[in-house]
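[1] Kindly return the folded structure for what I paste below:
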Amino acid sequence: MGGKITAAAIQMSSTPEKAENFETAEKLIREAASAGAGLVALPELWSCHGLEKVYGENAEPIPGPTTDFLGGLARELGVYVLGGSILESKPGAERLFNTSTFFDPSGEMVAVYRKIHLFDVKAPDREYVESRTIAPGSEVVTAKAGVAILGLSVCYDVRFPELYRLLALRGAEILAVPAAFTLQTGKDHWELLLRARAVENQAYVVAPAQWGQKADGRRTYGRSMIVDPWGTVLGTCPDRDGYALATLDLDYLDRFRTEFPAFANRRPEAYDW
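    Model prediction:
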C-alpha cells in the first residue's frame with residue numbers, strides 16, 4: 001500500500017504486581033508516542049509476569065479493565081497500541097488464555113489473538129509447562145494498522161514458521177512478536193528467529209520483550225527489536241526498561257517484494273504432504 005509508520009517495541013521487566021506494571025507501561029507508551037511512534041507494542045504478559053501461582057487472580061475477561069486502559073491510551077495519544085499479551089479468563093474455562101489485543105487510534109479494539117503454540121519444554125535452566133495454566137488458541141489473526149497489515153503472534157509462536165507464512169499470505173506486512181524469552185534460549189535464538197521470520201516472509205518484525213530476573217528466579221532475555229524485510233536490525237533495546245524505535249517504510253517493502261518476488265515463486269502444488 002505504501003507510506004510509512006514509526007513503530008516502538010517496548011521493553012519491560014514486569015512483576016506480579018499489576019499496578020506497578022500499569023504505571024511502567026503507561027510511562028513508556030507515552031514516551032514512545034512523544035518520540036513519534038504511531039504504533040506502540042508491549043511485551044508478552046506485561047501486566048502480570050513472573051509468578052505462576054498469582055496468574056489466576058490477575059486474569060481478566062476481554063474486554064475488561066486492562067483493555068479499557070489500553071484503548072483509552074490509544075485514543076488519547078492517537079496511536080495504534082498492541083497490548084502485548086495478558087492473561088484472559090473465560091467463564092467456564094478451566095485454563096486461561098495468553099491473549100494479545102490490538103487497538104486503533106480511536107481506541108477501538110480491532111483484533112484479539114490467543115497464543116497458539118504453548119511453551120512446554122525442558123530448557124537449559126528449567127522445565128516449562130505453559131499448558132498447565134494456559135489453553136491454546138486456534139485462530140490466525142491479522143488487522144489493519146494504518147498503511148500496513150499487522151500479523152499477530154506471541155513469543156514461542158516464533159519457532160513455527162508455518163504460522164508466519166499464513167500471516168504473510170493473508171497480507172501481513174508487519175509481524176508482531178511480543179515475547180518473554182528465557183535468557184538461555186534468547187541469547188542464541190531470539191535475534192536469529194526474528195530475522196529469519198522477517199526474511200522468509202519479506203516483512204517487518206516488531207518484537208517487544210520482557211527483560212531481567214523474575215519473581216520466581218528465572219531470567220528473561222530482553223533485547224526488544226525491530227527488523228526490516230532484508231533481515232537488518234533497525235533498532236534494539238539494551239538491558240533496561242525502554243523501547244526500540246524505527247520507521248517502517250512500506251514503499252520500500254512494496255519495491256522489495258516486486259524486485260525479489262519470493263511469493264510469486266512459491267510452488268504450492270509441490271507442498272502437499
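
[2] What residues does residue 39 make contact with?
    Residue 39 is in contact with 5-8, 79-80, 82, 145-146, 150, 174, 206, counting by CB atoms under 8 Å, 6 or more residues apart in numbering. Yep, even glycine has a C-beta here, placed from its N, CA and C like the rest.

[3] who's it bridged to?
    residue 7, residue 80 (DSSP bridges).

[4] which residues in the stretch 151-273 of the chain form helices?
    Remark: helices assigned in the stretch 151-273 of the chain by DSSP state H, counting those that start in this stretch are 161-169, 183-201, 250-259.

[5] Mind listing residues that contact the second one?
    Contacts made with helix 183-201 from outside it, assessed by CB under 8 Å, 6+ apart, are listed as 123-125, 158-159, 161, 164-165, 167-168, 172, 175, 177, 179, 181, 203-205, 207, 209, 218-223, 225, 227-231, 233, 262.

[6] In strands, which of those fall?
    In strands, defined here by DSSP state E, the members of the contacts of helix 183-201 are 175, 204-205, 207, 219-221, 225, 227, 233.

[7] how about JSON lines for these, with pLDDT and distance to residue 116 added?
    JSON lines is the format used below for these (pLDDT from 0 to 100; distance: CB to CB, whole Å):
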{"residue": "175", "pLDDT": "99", "distance to residue 116": "14"}
{"residue": "204", "pLDDT": "98", "distance to residue 116": "21"}
{"residue": "205", "pLDDT": "99", "distance to residue 116": "17"}
{"residue": "207", "pLDDT": "99", "distance to residue 116": "17"}
{"residue": "219", "pLDDT": "96", "distance to residue 116": "25"}
{"residue": "220", "pLDDT": "97", "distance to residue 116": "21"}
{"residue": "221", "pLDDT": "98", "distance to residue 116": "21"}
{"residue": "225", "pLDDT": "98", "distance to residue 116": "22"}
{"residue": "227", "pLDDT": "98", "distance to residue 116": "21"}
{"residue": "233", "pLDDT": "98", "distance to residue 116": "26"}
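
[8] Check the contacts of helix 183-201 for burial and list the buried ones.
    158, 164-165, 167-168, 172, 175, 177, 179, 181, 203-205, 207, 209, 218-223, 225, 227-229, 233 (16 or more other CB atoms under 10 Å).

[9] From residue 85, how far out is the residue nearest the centre of the chain?
    With distances taken as CA atoms, centre = their mean, residue 178 lies nearest the centre of the chain, 2.4 Å away. Distance, residue 178 to residue 85, using CB to CB, to the nearest Å: 6 Å.

[10] Mutual contacts of those two, please.
    Shared between the contact lists of residue 178 and residue 85 (criterion: CB under 8 Å, 6+ apart) are residues 44, 46, 100, 154-155.

[11] Which of these ranks first by neighbour count?
    Of all the shared contacts of residue 178 and residue 85, the highest neighbour tally under other CB atoms under 10 Å goes to residue 100, namely 29 neighbours.

[12] Just list the residues touching that one, thanks.
    Residues in contact with residue 100 (CB under 8 Å, 6+ apart) are 82-85, 112-115, 152-154, 176, 178.

[13] With residue 173 instead?
    Contacts of residue 173 by CB under 8 Å, 6+ apart are 1, 148-150, 203-204, 250, 253.

[14] redo that, cut-off 6 Å
    For residue 173, the contact set (CB atoms under 6 Å, 6 or more residues apart in numbering) comprises 148-149, 203, 253.

[15] now do residue 117
    Neighbouring residues of residue 117 by CB under 6 Å, 6+ apart: 156-157, 160.

[16] Same check on residue 151?
    142, 167, 172, 175.

[17] Need these in CSV (columns: distance to residue 95).
    Listed next are those as CSV, based on distance: CB to CB, whole Å:
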residue, distance to residue 95
142, 25
167, 25
172, 28
175, 26
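
[18] what's the closest non-adjacent residue to the residue nearest to the centre of the chain?
    Nearest residue to residue 178, sequence neighbours excluded (CB to CB, 6 or more residues apart in numbering): residue 84, at 4.0 Å.

[19] One more: residue 41?
    Closest to residue 41 by CB to CB, 6+ apart is residue 82, at 3.9 Å.
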